[in-house]
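Engineer: turn this into a model:
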Amino acid sequence: GALQVASNIQSQRALLAEYQYLVAMQTSQSVSNFIQEKFNTLDTAAWLTDPLIKTKEEQKYILESMLGLQPAFRQLILLDTHNKVLAQASLQVREDPDQLTKLLTEEVLAQIRQGNKYISPVYIDADTNEPLVVMAAPVLDVFHQYQGLILAETKLKFMWDLVEDLKVGEKGYVYVVDRAGNLIAYGDTALVLKGKNLRHLELIDNYVQADPTYSPQEPSTYMGISNDLVVGNYVSLGMPDWAVVTEIPWEEAYHNVILNITWGIIIILVVAGLAALLASTLAKRLASSLINLENTATRIARGEMDLQVAVSGPKEVINLAEAFNSMTAQLRETLANLEAKVAERTQQLQNALNFEKEILSASATGIAVYDETGQCILANEAMAKLVNGTIEQILAQNYHHIESWKKTGLYNFAMKAIENHIE
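Structural biologist: Numbering: from 1, shown residues only. Next up, the predicted model:
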């Protein structure tokens with residue numbers, strides 16, 4: 001029943017929540033591991049390029065070695081405590097440290113000086129259409145005193161490939177958004193390149209407003225990124241402040257529930273049909289008199305008013321048949337009286353109409369009658385003579401098209417009369 005259906009839906013939601021959570025968690029773990037690995041490399045580089053010990057040549061050599069070890073790094077820059085460039089290494093032909101250092105606002109620098117790591121918002125390279133972020137880690141001495149920082153421009157193409165290859169069920173998908181709701185990874189990279197913001201989606205708006213560490217336990221139903229009704233959920237990464245979102249079309253998410261409901265309806269209809277068939281068979285066997293009454297009533301309804309029901313069978317059926325016969329007799333009498341009154345009234349109306357027509361025809365005054373559409377429906381000979389035409393010509397007229405009416409103002413008078421219901 002309804003309780004079973006509700007239970008099935010609840011069970012399906014629980015399974016779906018667990019499945020989506022696992023997919024999102026695995027994806028977020030892969031992304032987090034990727035970011036953490038890069039920060040570990042930066043920590044190593046910061047330790048090896050100690051500004052108090054290493055020369056600039058040694059620092060540059062170490063940075064270039066790091067570029068070879070980490071293909072995701074596109075550019076590395078070492079800065080001192082005054083944000084002056086000490087060494088840099090780049091895979092680009094033209095090195096541009098200002099492009100990275102301009103991201104270091106006072107707020108970001110204050111965060112790094114306190115020993116915290118930083119990762120910038122995702123941006124797209126104008127030449128390669130590749131997603132990039134700037135990662136920053138502090139350089140600390142053995143006493144954990146701030147000695148500068150190391151910046152790494154990091155390619156996120158890995159994350160695009162990861163998201164594009166992931167499938168959630170048959171038609172589901174995964175994408176990644178930042179804290180502002182901007183799409184930063186999705187199978188349709190064109191939307192990412194356009195800088196698509198998804199805060200208009202219910203789930204993404206909830207994520208933007210939620211605590212950075214919060215991940216919902218239950219999936220939500222809403223219009224998804226593809227403008228279809230979906231069941232979705234997200235997992236927050238924490239660091240960086242992104243979220244991995246999974247969406248499954250509603251029909252697929254509740255396919256089993258829909259299938260069970262459909263089969264349940266089919267079974268109910270079949271059982272109801274069989275019950276109706278059995279009831280009909282028993283009725284025909286046990287109540288033939290009632291069937292005869294039904295057939296007679298049907299024939300009377302079709303116009304055979306002189307029929308009478310056979311008075312036979314059980315006492316209850318006899319009483320019903322007698323009451324039915326009495327009712328049909330009264331109905332015949334009522335119909336006969338009604339028909340006589342209708343005929344009488346019709347004749348009266350016809351006589352009145354004929355009288356009016358005779359008056360109209362005999363009138364020396366030209367008279368023409370028009371209906372609400374403007375079409376002439378009656379005219380006498382006097383009118384025909386008045387307009388120097390025939391009755392047939394007048395009957396063919398519509399005053400909407402009579403120019404003389406419009407010129408003399410008669411047309412406007414007629415319109416006003418109709419508007420005010422003046423006859």
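
Engineer: what about the strands in the stretch 201-350 of the chain?
Structural biologist: If DSSP state E, counting those that start in this stretch is used as the criterion, the strands of the stretch 201-350 of the chain fall at 220-223, 229-236, 242-249.

Engineer: other SSEs contacting the first one?
Structural biologist: With contacts taken as 3 or more Cβ pairs under 8 Å, 6 or more residues apart in numbering; DSSP states H and E, strand 220-223 sits against helix 202-209, strand 229-236. For the C-beta atoms, the positions are set from N, CA and C on the backbone; glycine is no exception.

Engineer: where's the closest residue to residue 411 other than its chain neighbours, which helix or strand?
Structural biologist: Once flanking residues are discounted, residue 411 sits nearest to residue 405: 4.0 Å by Cβ to Cβ, 6 or more residues apart in numbering. Assigned by DSSP states H and E, residue 405 belongs to helix 403-408.

Engineer: if we can go back for a sec, could you dump the helices and strands packed on strand 220-223 into a markdown table with mean neighbour count added?
Structural biologist: Below are the helices and strands packed on strand 220-223 laid out as a markdown table (neighbours: other Cβ atoms under 10 Å):
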| stretch | mean neighbour count |
| --- | --- |
| helix 202-209 | 18 |
| strand 229-236 | 24 |
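
Engineer: can you add mean pLDDT and give these back as a markdown table?
Structural biologist: Shown next, in a markdown table, are those (pLDDT from 0 to 100):
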| stretch | mean pLDDT |
| --- | --- |
| helix 202-209 | 92 |
| strand 229-236 | 89 |
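
Engineer: those: which one's closest to residue 383?
Structural biologist: Closest of the helices and strands packed on strand 220-223 to residue 383 is strand 229-236, at 69.3 Å (criterion: Cβ to Cβ).

Engineer: that closest one pairs with which strands, parallel or anti?
Structural biologist: strand 220-223 (antiparallel), strand 242-249 (antiparallel) (DSSP bridges).

Engineer: from those, which stretch is densest packed?
Structural biologist: strand 242-249 (a mean of 26; mean count of other Cβ atoms under 10 Å).

Engineer: CA atoms only for it, dumped as PDB, please.
Structural biologist: C-alpha atoms of strand 242-249 as PDB (Å, rounded to 0.1, in the frame of the first residue of the first chain):
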ATOM      1  CA  TRP A 242      35.700  23.700  -3.300                       C
ATOM      2  CA  ALA A 243      32.900  21.100  -3.400                       C
ATOM      3  CA  VAL A 244      32.400  18.000  -5.600                       C
ATOM      4  CA  VAL A 245      28.800  17.800  -6.800                       C
ATOM      5  CA  THR A 246      27.100  14.600  -8.100                       C
ATOM      6  CA  GLU A 247      23.800  14.700 -10.000                       C
ATOM      7  CA  ILE A 248      21.600  11.800 -11.200                       C
ATOM      8  CA  PRO A 249      18.500  12.300 -13.400                       C
END
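
Engineer: let's test this: mean pLDDT of that strand, rounded?
Structural biologist: When pLDDT is averaged over strand 242-249, the result is 90.

Engineer: tell me the angle of it relative to helix 202-209?
Structural biologist: Counting by axes from the mean of the first three to the mean of the last three Cα atoms, to 10 degrees, strand 242-249 points 170 degrees away from the direction of helix 202-209.

Engineer: residue furthest from the geometric center of this structure?
Structural biologist: residue 364 (72.6 Å; Cα atoms, centre = their mean).

Engineer: which ones are touching residue 70?
Structural biologist: By Cβ atoms under 8 Å, 6 or more residues apart in numbering, residue 70 lies in contact with 38, 41.

Engineer: show me the shaky parts of the stretch 201-350 of the chain.
Structural biologist: Along the stretch 201-350 of the chain, the parts satisfying pLDDT under 70 run over 256-258, 260-261, 279, 281-290, 313-314, 316.

Engineer: please enumerate the helices of the stretch 101-250 of the chain.
Structural biologist: Using DSSP state H, counting those that start in this stretch, the helices of the stretch 101-250 of the chain run over 106-113, 157-165, 189-193, 202-209, 250-253.

Engineer: okay if I get the ones you listed as CSV plus distance to residue 239?
Structural biologist: Rendered in CSV, the data for the helices of the stretch 101-250 of the chain read as follows (distance: least, Cβ to Cβ, whole Å):
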stretch, distance to residue 239
helix 106-113, 12
helix 157-165, 15
helix 189-193, 21
helix 202-209, 16
helix 250-253, 30
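
Engineer: returning to what we had before: assign the residue farthest from the centre of the chain to helix, strand or coil.
Structural biologist: Here residue 364 is coil, with the state taken from DSSP: H, G, I helix; E, B strand; the rest coil.

Engineer: follow-up on the earlier one: export the helices and strands packed on strand 220-223 as TSV, with columns for distance to residue 156.
Structural biologist: Below are those laid out as TSV (distance: least, Cβ to Cβ, whole Å):
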stretch	distance to residue 156
helix 202-209	19
strand 229-236	18
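
Engineer: what's the spacing between residue 38 and residue 136?
Structural biologist: Residue 38 is 11 Å from residue 136, where distance means Cβ to Cβ, to the nearest Å.

Engineer: okay, these two: which has more neighbours?
Structural biologist: residue 136 (24 against 19; other Cβ atoms under 10 Å).

Engineer: run through the bridge partners of the more buried one.
Structural biologist: Listed by DSSP bridges, the beta-bridge partners for residue 136 are residue 118, residue 151.
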